[in-house]
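> Here's my sequence, what's the structure:
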Amino acid sequence: MISVKEAKNIILNTTQDFGVEEVPFIKSVGRILKEEIFADRDFPPFNRVSMDGICIDFNPFKNGQRTFKIEGIQAAGSEQIRLQNSENCMEVMTGAVLPENANTVIRYEDVTINNGIATINIDAINKSQNIHQKGKDGKVGDVLISENKIISAAEIGVLATVGKSMVKVAKQPKVMIISTGDELVGVDENPLAHQIRRSNVFTLVSLLESLKIASETAHLTDDKAILKQKIKTFIENYDVLLFSGAVSKGKFDFLPEVFEELGVEKLFHKVAQRPGKPFFYGKTANCNLFGFPGNPISTFVNCLAYFYPWYYKSVGLEIEEETAILTKDVNFKPNLEYFLQVKLSDKFGHTLATPITGNGSGDLASLVHADAFIHLPNDKTEFKTGENYPIIRYR
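This is a model prediction of the structure:
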């Protein structure tokens, strides 16, 4: 049995490069950007009026002039026009190009307009006010978005602005999620007294969807011959297989035997942790196999603790470790690292973690009441209020 750190190091040394693909920019939210995005022109591309009002040459105002004849209107989307007389003004709309020979914008709220004459009602204005200067946000050729960034709505706006209708993103792995066990029935079925509905596989589907990874699912009964036949096909056709169940010591936990007979290289089996100790990890030339224990919280935490970091490194994404402060004392005597469910809160800029009382790794419902797992080491048994430990957040 190995430590969590050893298990994670092994997994991170077996990442895969799935390549790069181009997708429509509007479909790229949540994907990992695989190119730098440059400004194709200055940002903004012209001196842009930022308030509805009038524009003037500042010098006459500086010399005491307060009334200005209106020469015309500069609307947003219209070609730039010229202020012909420096003692006149032009009406301007937000987003319009600043007229030539004008250098200051006064908002309508500070102006009275009668019979084509604008009177400025305030005594103090600043030259160049209410003008978003050309190139202030970025110059043509500047890098606006760096590679290996998760694309969000903020990046979508920039992609649209620079005309990137297609964008290069990390290609996603092809994933099959497999549940095992004769006790499991479908979500739409009414289980008998000795049966339960399948849930782990859908939890995994959802965890992968949050990474924008599409997946397929399959359910296999506890029949070794069928398991071997199906898994052989899955290994040949998928980049990643995620299993839930059949990796522990039970009489029908055939997966470790099946993996060995199919030539899967076992990289480890069992990690000194709770929950999720019977975790199996192996690989073939083209496929990585994550064998999560079947208890719901074991499957859940192992996907977050191991598959997520493996995926992030595979696509070139760096994630900073988060920590939180315990709000209650915790006693845990087994010589295992402990992933304890916690409810998170914020106080004075610190993240606080309050332990959630559950009923073991099979208590699926307890996940609803927590936000994260706090990772407690196995070098002591008492963890005091105020101590700081890493967390794995899932909301």
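
> In this structure Leu289 contacts Phe259, no?
Yes: look at Leu289 against Phe259 with Cβ atoms under 8 Å: they come within range, at 6.6 Å. From N, CA and C alone the C-beta is placed, and that goes for glycine too.

> who touches both of the two?
Here Leu289 and Phe259 share the contacting residues Phe280, Gly282, scored by Cβ atoms under 8 Å, 6 or more residues apart in numbering.

> secondary structure class for the residue nearest to Phe25 when sequence neighbours are not counted?
Residue nearest to Phe25 in three dimensions, not counting chain neighbours: Leu159, with 4.4 Å by Cβ to Cβ, 6 or more residues apart in numbering. Per DSSP: H, G, I helix; E, B strand; the rest coil, the secondary structure class of Leu159 is helix.

> can you pull the contacts of Leu159?
Phe25, Ser28, Ile37, Ile145, Ile151, Val167.

> so Ile231 sits in a helix?
Yes: assessed with three-state DSSP, Ile231 lies in a helix.

> In the stretch 201-350 of the chain, what residue spans correspond to helices?
Along the stretch 201-350 of the chain, the stretches classed as helices by DSSP state H, counting those that start in this stretch are 224-237, 255-261, 296-302, 308-314.

> With mean pLDDT and distance to Ile73 added, can I get the ones you listed in JSON lines?
Output for these, formatted as JSON lines (pLDDT from 0 to 100; distance: least, Cβ to Cβ, whole Å):
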{"stretch": "helix 224-237", "mean pLDDT": "95", "distance to Ile73": "64"}
{"stretch": "helix 255-261", "mean pLDDT": "94", "distance to Ile73": "74"}
{"stretch": "helix 296-302", "mean pLDDT": "95", "distance to Ile73": "61"}
{"stretch": "helix 308-314", "mean pLDDT": "97", "distance to Ile73": "53"}
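
> And the ones you listed: which comes nearest Val330?
helix 296-302 (16.3 Å; Cβ to Cβ).

> Asp52 reaches Arg107, doesn't it?
Yes: Asp52 lies in contact with Arg107 (Cβ under 8 Å); the separation is 6.7 Å.

> Farthest from the middle of this protein: give me that residue.
Going by Cα atoms, centre = their mean, the residue of the chain most distant from its centre is Asn115, 56.1 Å out.

> Out of the helices of the stretch 201-350 of the chain, the one nearest Asp363 is which?
helix 296-302 (6.7 Å).

> Against which helices or strands is that closest one packed?
Judged by 3 or more Cβ pairs under 8 Å, 6 or more residues apart in numbering; DSSP states H and E, helix 296-302 is in contact with helix 200-209, strand 288-292.

> low-confidence ranges in the stretch 251-395 of the chain?
361-362 (pLDDT under 70).

> where along it do the strands fall?
Assigned by DSSP state E, counting those that start in this stretch, the stretch 251-395 of the chain shows strands spanning 265-269, 273-274, 280-283, 288-292, 322-326, 330-331, 337-347, 350-355, 372-376, 382-383, 388-393.

> Show me how far the first one is from its chain's centre.
Meaning strand 265-269. 30 Å (Cα atoms, centre = their mean, to the nearest Å).

> those strands in the stretch 101-250 of the chain, which residues are they?
Using DSSP E, counting those that start in this stretch, strands in the stretch 101-250 of the chain cover 104-107, 111-114, 117-120, 131-132, 143-145, 166-170, 175-180, 184-185, 196-197, 215-220, 240-244.

> winner for burial among those strands?
strand 240-244 (a mean of 27; mean count of other Cβ atoms under 10 Å).

> Average pLDDT for it, rounded please.
Mean per-residue pLDDT for strand 240-244: 96.

> Show me what it is packed against.
So strand 240-244, by 3+ Cβ pairs under 8 Å, 6+ apart, packs with strand 175-180, helix 200-209, helix 224-237, strand 288-292.

> Can you check what angle separates the first one from strand 288-292?
Relative orientation of strand 175-180 with respect to strand 288-292: 30 degrees, computed using axes from the mean of the first three to the mean of the last three Cα atoms, to 10 degrees.

> now the second one
Using the same axes, to 10 degrees, the interaxial angle of helix 200-209 with respect to strand 288-292 works out to 130 degrees.

> Export helix 200-209 to PDB, keeping only CA atoms.
Provided in PDB are the C-alpha atoms of helix 200-209 (Å, rounded to 0.1, in the frame of the first residue of the first chain):
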ATOM      1  CA  ASN A 200     -21.800   6.300  -9.200                       C
ATOM      2  CA  VAL A 201     -21.500   6.200 -12.900                       C
ATOM      3  CA  PHE A 202     -23.700   9.300 -13.200                       C
ATOM      4  CA  THR A 203     -21.700  11.100 -10.600                       C
ATOM      5  CA  LEU A 204     -18.600  10.400 -12.600                       C
ATOM      6  CA  VAL A 205     -20.300  11.600 -15.800                       C
ATOM      7  CA  SER A 206     -21.200  14.800 -14.100                       C
ATOM      8  CA  LEU A 207     -17.700  15.300 -12.600                       C
ATOM      9  CA  LEU A 208     -16.300  14.900 -16.200                       C
ATOM     10  CA  GLU A 209     -18.900  17.200 -17.700                       C
END
